[in-house]
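Asks: any chance you can model this:
(one chain, ligands or ions: 1)
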Amino acid sequence: MVKKLICIQCPLGCEIEVKLNEKMEVEEIKGNRCPRGYEYAMEEMVDPKRILTTSVKVEGGDIDLVSVKTDKPIPKRLLKDAMKTIKKAKVKAPICVGDIILPNLLNTEANVVATRPVSSRDSNHEATKNKRKKCNTMQN
Ligand code: SF4
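Replies: Modelled structure (predicted):
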């Protein structure tokens with residue numbers, strides 16, 4: 001059996017063919033122009049990984065959800081459990097882009113990080129002012 005993949009490791013997007021035997025073991029990989037493509041194809045066959053993007057509930061924010069993503073790809077087989085864990089999470093506003101919302105998600109060493117800022121409903125609160133300063137400093 002031959003599986004066809006497009007390598008997503010660089011903009012060249014090589015078309016890779018992976019030949020599998022009857023036991024679905026990798027027999028041959030071709031079409032990759034570099035070793036990264038070989039590793040990508042092997043990983044896709046053995047234990048594919050994906051960046052997870054979703055949102056987390058916010059307490060005390062000017063919006064109720066903050067968009068988040070994992071800061072590195074996690075095994076595709078864990079996506080369902082990861083979504084269950086993230087669904088249970090709540091984070092207090094204010095939030096800066098890049099804030100770690102959930103560290104080491106399911107022991108994958110990937111952190112769930114905020115991809116947008118969220119202000120506190122109480123914009124005059126001292127903690128909110130300090131956080132806003134921190135967010136501004138990080139963006140400069
Ligand atoms: S195989 Fe190498 S050159 Fe081709 S798309 Fe993948 S990373 Fe880029």
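Asks: quick one: the helices in this structure, in order.
Replies: 35-46, 79-88, 126-139 (DSSP state H).
Asks: tell me if I'm right that V26 and E43 touch.
Replies: No. Counting by Cβ atoms under 8 Å, V26 sits too far from E43 to count as a contact (10.6 Å). Every residue, glycine included, has its C-beta placed from N, CA and C.
Asks: chain neighbours aside, what residue packs nearest to the residue of the chain found nearest the ligand?
Replies: Nearest to the ligand, among the residues of the chain, is G37, at 2.2 Å (Cβ to the nearest ligand atom). Once flanking residues are discounted, G37 sits nearest to C7: 4.4 Å by Cβ to Cβ, 6 or more residues apart in numbering.
Asks: list the contacts of P48.
Replies: 75-76 (Cβ atoms under 8 Å, 6 or more residues apart in numbering).
Asks: go on, A41?
Replies: So A41 contacts 5, 7, 16, 18, 26, 29, 32 (Cβ under 8 Å, 6+ apart).
Asks: filter these down to the buried ones.
Replies: For the contacts of A41, a neighbour count by 16 or more other Cβ atoms under 10 Å gives the buried set as 5, 7, 16, 18, 29, 32.
Asks: which ones are touching C135?
Replies: 94, 96-97, 117.
Asks: how about the one residue sitting closest to the centre of the chain: what's its closest non-neighbour residue?
Replies: Nearest to the geometric centre of the chain sits T70, at 2.6 Å (Cα atoms, centre = their mean). Spatially, and ignoring its direct neighbours in sequence, T70 is nearest to A110 (4.2 Å; Cβ to Cβ, 6+ apart).
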